[in-house]
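Novice: I'd like to go over a predicted model; first the sequence, then the structure.
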Amino acid sequence: PDGTRLASVTFDEQNNLKLWDVVNFVAQPVAQKTASNGYAVRWNPNGSRLAVASSIGLLTFDANLTSINLRNNVIGTLGTITALAWSPDGTKIAAGAQNVVIYNSTTQSQISVLTGHSAFIESLAWSPNGDRLASSSVGDDAVKIWNINNSNLLNTFTNSSQVISLSIAWNPNLNISELLFAGSGTTLTSVQPSVITPLPNMITNGTFATGALSPWTTSAAPTAADLVTRIHSNVLEFYRTTTSTSGAISQ
């Protein structure tokens, strides 16, 4: 996270988990470990730990790869983990195979199991505020959204990508519930997952209801790049991101 090092893991070689010097771009010789067949590696939010999804389970190391702190997994005593993700606050790790297991990253105890996929999971991503988790699987053509508070399934979105190691990403704006994932062919699909608690109002201004800006209006036709939109409680809301002081608010 501080940009000083890069971690990588490969599928089939000795010393396949490496830390790289990003000044000279060479592997640090004292920072290499064998993590069996590795599928993914992720830093925790503050850069103090690494987690690895591997064919022998979920592994975590300190930032210098000097110790293994966790060796839990989803299926069996030594099972394959194909995807992982740290929660935004670093207190939880999600590990995926055909199910998703949520772990407490400090106590290493299992918090919950999310069941619903029928094939191996390629990618996991936490929502920006950490209350939801997205999981994707090419094998069952599905992207699923989970409520972390009670383990309930919130949404299932069909995906026909057939892209192995399918990637998914949340919009980082806390006011917008949006997830992006690879679609069929070369397309990207944007969806609006259900929210658990109401989103904050996108626009807050006490003068809107008193006449000066009622009804809201705009004096210029906005381009798509200027607009931020969402559907909130069945109401379409949008505002312009333009720096112009004229007609920047619309209803």
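Specialist: It's in.
Novice: I'd say S112 and N152 touch.
Specialist: No: contact criterion Cβ atoms under 8 Å: S112 and N152 do not qualify, at 10.4 Å. Quick note: C-beta positions are derived from backbone N, CA and C, even for glycine.
Novice: who's more crowded, these two?
Specialist: Comparing S112 with N152 by other Cβ atoms under 10 Å, the one with more neighbours is S112, at 16 against 11.
Novice: give me every residue that touches the more buried one.
Specialist: V101, I102, I148, S151 (Cβ atoms under 8 Å, 6 or more residues apart in numbering).
Novice: can you confirm the second one is in a strand?
Specialist: Yes: the assignment for I102 is a strand, going by DSSP: H, G, I helix; E, B strand; the rest coil.
Novice: find the nearest non-adjacent residue to it, please.
Specialist: I111 (4.4 Å; Cβ to Cβ, 6 or more residues apart in numbering).
Novice: so after the strand or helix carrying that neighbour, what's the next helix or strand?
Specialist: For I111, the host element (DSSP states H and E) is strand 110-114. Later in the chain than strand 110-114, the nearest helix or strand by DSSP H and E is strand 123-126.
Novice: list the buried residues for that following strand?
Specialist: Buried residues in strand 123-126, counted by 16 or more other Cβ atoms under 10 Å: S123, L124, A125, W126.
Novice: I'd like to know which elements it is packed against.
Specialist: Judged by 3 or more Cβ pairs under 8 Å, 6 or more residues apart in numbering; DSSP states H and E, strand 123-126 is in contact with strand 83-86, strand 92-96, strand 132-137, strand 168-170.
Novice: of all these, which one is nearest I196?
Specialist: I196 lies closest, by Cβ to Cβ, to one member of these: strand 132-137, at 6.7 Å.
Novice: check contacts around the closest residue to T91 other than its chain neighbours.
Specialist: For T91, ignoring the flanking residues on the chain, the nearest one in space by Cβ to Cβ, 6+ apart is S105 at 5.9 Å. Residues near S105 by Cβ under 8 Å, 6+ apart: N44, R49, T60, L70, W86, S87, G90, T91, K92, I93.
Novice: pLDDT-wise, what's the bottom of the residues you listed?
Specialist: Confidence by pLDDT is poorest for L70 among the contacts of S105, given 55.
Novice: quick one on the thing from earlier: buried residues in the strand holding I111?
Specialist: S112, L114.
Novice: where does the prediction get shaky in this protein?
Specialist: The model of the chain has pLDDT under 70 over residues 14-15, 29-36, 66-78, 161-166, 183-185, 198-226, 232-233, 238-251.
Novice: check which helix or strand A53 maps to.
Specialist: strand 49-54.
Novice: adjacent strands (with direction) for that strand?
Specialist: Each strand paired with strand 49-54, and its direction, by DSSP bridges: strand 38-43 (antiparallel), strand 57-62 (antiparallel).
Novice: quick one, it and strand 100-104 angle?
Specialist: 150 degrees (axes from the mean of the first three to the mean of the last three Cα atoms, to 10 degrees).
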